[in-house]
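Asks: what would the 3D arrangement of this be:
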Amino acid sequence: MQLRDRIGRRLKLHDLHVLMTVVQAGSMNKSAALLNTTQPAISRSIADLEHLANLVTHEEDRHALAGQRPLVG
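Replies: Residues are numbered from 1 along each chain as shown. You can find the predicted model right below:
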């Protein structure tokens with residue numbers, strides 16, 4: 001299975017929307033109010049994105065160590 005397939009199954013548009021709102025609002029509490037949800041829900045979405053980013057980073061490192069070109073484009 002290719003990296004882009006694994007990312008596609010885990011990446012959620014909602015989590016990206018949450019991230020954009022956190023960046024624009026400047027805090028998780030403010031973004032929770034703007035999105036009409038709770039701060040723990042915002043934290044979960046951000047944690048999911050951080051976990052996914054870590055998986056992508058490790059996958060790229062593994063390919064680099066093997067002398068292969070990463071499939072992230």
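Asks: list the buried residues for stretch 20-40?
Replies: 21-22, 25, 28, 31-32, 35 (16 or more other C-beta atoms under 10 Å). Any C-beta I mention is one placed from the backbone N, CA and C, and that applies to glycine too.
Asks: and stretch 28-47, how far apart are its ends?
Replies: End-to-end distance of stretch 28-47: 12 Å, with C-alpha to C-alpha, to the nearest Å as the criterion.
Asks: nope, stretch 21-36 is what I was after
Replies: 12 Å.
Asks: any residues touching it, and which ones?
Replies: Residues external to stretch 21-36 that are found in contact with it (C-beta atoms under 8 Å, 6 or more residues apart in numbering): 17-18, 38-39, 41-43, 46.
Asks: follow-up on the earlier one: closest one to A53 out of the buried residues of stretch 20-40, please.
Replies: Ranked by distance to A53 (C-beta to C-beta), those are led by V22 at 14.6 Å.
Asks: list phi and psi for that closest one.
Replies: phi -60, psi -40 (degrees, to the nearest 10).
Asks: so which of the buried residues of stretch 20-40 comes closest to R10?
Replies: V22 (19.0 Å).
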